[in-house]
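>>> Okay, predicted coordinates and the sequence, questions at the end:
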Amino acid sequence: MDGNGRWAKARNRPRSFGHQAGLNALRVTIEHCARLGVETLTVFAFSSENWNRPASEVSRLMELFLKALSKEVAELHRNGICIRFIGDISAFNAAIREKMTEAEALTRDNQQMVTNVAVNYGGRWDIIQAARQLAELAIDGGLQPGDIDEDRFASALALADSTDPDLFIRTGGEIRISNFLLWQSAYTEFYFTPVLWPDFDVETLNQAIVDYQGRERRFGKTSTQLQEPAHA
Ligand code: IPE
Ligand code: MG
């Protein structure tokens with residue numbers, strides 16, 4: 001979700017105004033994805049590198065998180081959204097951590113759609129924390145190095161319960177992944193749009209999905225193989 005700052009700057013408003021507008025775009029996006037039948041939506045709200053922004057911006061973002069956690073969760077719950085947070089949440093203050101835990105507990109059985117909110121998340125962090133978990137198990141003797149295959153490794157990652165993402169959308173015009181789901185996006189289709197995140201809406205999301213529908217996902221196979229009926 002990139003472009004909040006530029007969106008605000010274009011309106012001669014502070015960056016925090018852009019983040020507030022970004023929250024509105026997120027609400028619309030979650031509701032639309034749920035209506036479309038998307039099973040899992042994962043949004044990158046705050047990266048492990050975002051702490052390096054000016055202290056005033058970081059503290060405004062923390063205020064916004066707290067406000068959003070207080071005001072938005074009930075409606076998401078009514079809409080059947082299961083909310084999860086991925087990332088190193090130990091870095092957040094106690095009030096935010098408590099609201100995150102409450103939101104997860106309240107919505108854990110909801111079936112309409114899972115929304116993963118990546119906060120203080122980094123793809124490299126995720127891979128390292130998985131490696132650490134497996135190393136601990138190996139030291140305890142419960143795991144042999146030879147038992148570590150792709151599935152076992154993926155099961156220690158933050159999105160262990162979700163299938164790999166089909167479509168990745170980045171707004172704001174940059175053509176890079178910026179340490180998002182590095183492992184999980186090995187075969188994800190990428191879509192980049194210059195639309196700034198606060199302007200992202202139902203129409204721009206539909207455009208991304210239509211573009212995705214035109215892709216041929218070969219997973220290393222040839223196009224001809226994909227046309228052949230599967231053998232029994
Ligand atoms: C993304 O928008 C929001 C967060 C990282 C929290 P930016 O704040 O990066 O907006 P630009 O890239 O400066 O326009
Ligand atoms: Mg940015």
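Noted; the coordinates are in hand. Ligands and ions are numbered 1, 2, ... in the order given.
>>> can you give me the helices in this structure?
Taking DSSP state H as the criterion, the chain contains helices spanning 4-9, 15-36, 55-71, 73-78, 94-107, 123-140, 150-154, 202-213, 223-227.
>>> residue contacts, whatever residue of the chain ends up closest to ligand 1?
Nearest residue of the chain to ligand 1, counting by C-beta to the nearest ligand atom: G5, 2.6 Å away. The way it works is simple: take the backbone N, C-alpha and C, and place the C-beta from them, glycine included. By C-beta atoms under 8 Å, 6 or more residues apart in numbering, the contact set of G5 is 15, 18.
>>> how far away is it from T107?
According to C-beta to C-beta, to the nearest Å, G5 and T107 sit 30 Å apart.
>>> coming back round to it: of all the helices of the chain, which lies closest to F192?
Closest approach to F192 among these (C-beta to C-beta): helix 202-213, 9.5 Å.
>>> what's in contact with that closest one?
With contacts defined as C-beta under 8 Å, 6+ apart, helix 202-213 is touched by 28-29, 32-33, 36, 166-167, 169, 171, 189, 191, 193, 195.
>>> Restrict that helix to CA atoms and write it as PDB.
This file holds the C-alpha atoms of helix 202-213, laid out as PDB (Å, rounded to 0.1, in the frame of the first residue of the first chain):
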ATOM      1  CA  VAL A 202     -13.000  -1.000  -6.500                       C
ATOM      2  CA  GLU A 203     -12.300  -0.100 -10.100                       C
ATOM      3  CA  THR A 204      -8.500  -0.200  -9.800                       C
ATOM      4  CA  LEU A 205      -8.700  -3.500  -7.900                       C
ATOM      5  CA  ASN A 206     -10.900  -5.000 -10.600                       C
ATOM      6  CA  GLN A 207      -8.400  -3.800 -13.300                       C
ATOM      7  CA  ALA A 208      -5.700  -5.700 -11.500                       C
ATOM      8  CA  ILE A 209      -7.800  -8.800 -11.300                       C
ATOM      9  CA  VAL A 210      -8.700  -8.700 -14.900                       C
ATOM     10  CA  ASP A 211      -5.000  -8.300 -15.800                       C
ATOM     11  CA  TYR A 212      -4.300 -11.400 -13.600                       C
ATOM     12  CA  GLN A 213      -7.000 -13.400 -15.300                       C
END
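>>> Which positions within it qualify as buried?
204-205, 208-209, 212 (16 or more other C-beta atoms under 10 Å).
>>> Any residue of stretch 109-124 touching ligand 1?
No. Contact of stretch 109-124 with ligand 1 (C-beta under 6 Å from any ligand atom) is absent, the minimum separation being 9.6 Å.
>>> Out of the helices of the chain, which gets nearest to G87?
With C-beta to C-beta as the measure, helix 123-140 is the member of these nearest G87 (7.5 Å).
>>> Show me what counts as buried in the closest one.
123, 125-127, 130, 134, 137.
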